[in-house]
Structure formats: structure tokens, C-alpha cells
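Chemist: sequence-free structure coming up:
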């Protein structure tokens, strides 16, 4: 008579422990999202500071405020 369930010693030999795989994958995904967030913030900050400079230049050109003719050369 054959046993339908192999003894415990043979069951463990081919068993691969996958506990923690989901936690590691989630941690990697969180790190990737964090790096993307930092990169997007740096790009946004640079774009915003450039936009502020351009807006301030245009406002000073329109209003003629601060600097006189020397600062209005780029208008």
C-alpha cells in the first residue's frame, strides 16, 4: 500500500519559504515612489522659481517699477 502523503522529511526538501516576499516587494515599491517624488519635487521647484523670475520681470516691465531703464532692457 502506498501512502498518498509523503513523509515530512521529503515534503520539506523541495519547499521554498516565500514568507516576507510581499513585504520586500512593497518596500522596494515605496522606495521607488519616494525617489520619484523627490525628483518631481526638484523639477517642480526649479520650474516654479524660473516662472517666478519671468513673472517678476514682466510685472516690472509693465509697471516700470524698480530699476529704471537698465532693468527694462529685456522688456
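Modeler: The structure has been received and is ready for your questions. Every value quoted in this text rests on a predicted model; they were computed, and no experiment measured them.

Chemist: so where's this structure uncertain?
Modeler: The chain contains residues with pLDDT under 70 at 1-3, 6-15, 66-74.

Chemist: make it 50
Modeler: For the chain, no stretch has pLDDT under 50.

Chemist: so where do the helices sit in it?
Modeler: With DSSP state H as the criterion, the chain has helices at 8-13, 21-63.

Chemist: need those in JSON lines (columns: distance to residue 75).
Modeler: No exception for glycine: its C-beta is placed from N, CA and C like everyone else's. Shown next, in JSON lines, are these (distance: least, C-beta to C-beta, whole Å):
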{"stretch": "helix 8-13", "distance to residue 75": "80"}
{"stretch": "helix 21-63", "distance to residue 75": "4"}
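
Chemist: what's the most buried one of the ones you listed?
Modeler: Per residue and on average, the most neighbours among the helices of the chain fall to helix 21-63, with a mean of 10 (mean count of other C-beta atoms under 10 Å).

Chemist: other SSEs contacting it?
Modeler: Contact partners of helix 21-63 among helices and strands, from 3 or more C-beta pairs under 8 Å, 6 or more residues apart in numbering; DSSP states H and E: none.

Chemist: i'd like the first residue to be 55 from this point on
Modeler: Okay, residue one is now 55; in that scheme the one you just asked about reads as helix 75-117.

Chemist: separation between residue 105 and residue 90?
Modeler: Distance, residue 105 to residue 90, using C-beta to C-beta, to the nearest Å: 22 Å.

Chemist: residue 102 now?
Modeler: Residue 102 is 18 Å from residue 90, where distance means C-beta to C-beta.

Chemist: what's the answer for residue 118, then?
Modeler: Using C-beta to C-beta, residue 118 is found at 44 Å from residue 90.
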